[in-house]
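S.K.: fold the following and give me the result.
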Amino acid sequence: MSKRLLCGQIRTAIDRLFALEEGDGNLLRGHDRASALLMAAEGHGFEDVVLYYEHLMEHLRWKNLGHVLAGGNGDVGDITGKPELQKAYELGKSIQ
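M.R.: Prediction:
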């Protein structure tokens, strides 16, 4: 059974973006904005995070530039040498 991840920090950030958008003016919606999700975590179950993120992108009408998710990082330095670092670098280079 995979452990699902949706830490308080990412949930708070997503909830705040939804709340800002629900107010008068729709200040965040559209405007040719885009976003990418980069996340390192201890576990490997990113299903909830990706679902929330994709829903947020649809709601805000922002372009989803993709995501890089690196699991198995419980201690400082665990991410060193992981292929997700190169994927994140390439994603960053692709953003114009």
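S.K.: number of nearby residues for the nearest residue to residue 85 once chain neighbours are set aside?
M.R.: Of all residues not flanking residue 85 in the chain, residue 79 sits nearest, at 6.6 Å (Cβ to Cβ, 6 or more residues apart in numbering). Every residue, glycine included, has its C-beta placed from N, CA and C. Around residue 79 there are 16 other residues, counting by other Cβ atoms under 10 Å.
S.K.: assign the residue minimising distance to the centre of the chain to helix, strand or coil.
M.R.: Nearest to the mean C-alpha position of the chain, counting by Cα atoms, centre = their mean, stands residue 37 at 2.9 Å. The three-state label given to residue 37 by DSSP: H, G, I helix; E, B strand; the rest coil is strand.
S.K.: residue 67 is in contact with that one, correct?
M.R.: Yes - using Cβ atoms under 8 Å, residue 37 is in contact with residue 67, at 3.8 Å.
S.K.: and for these two, which residues touch both?
M.R.: Listed as contacting both residue 37 and residue 67 by Cβ atoms under 8 Å, 6 or more residues apart in numbering are 50, 53.
S.K.: am I right that residue 68 is in a helix?
M.R.: No - counting by three-state DSSP, residue 68 falls outside a helix, being strand.
S.K.: what does the pLDDT read for the residue nearest to the centre of the chain?
M.R.: Here, the pLDDT recorded for residue 37 equals 93.
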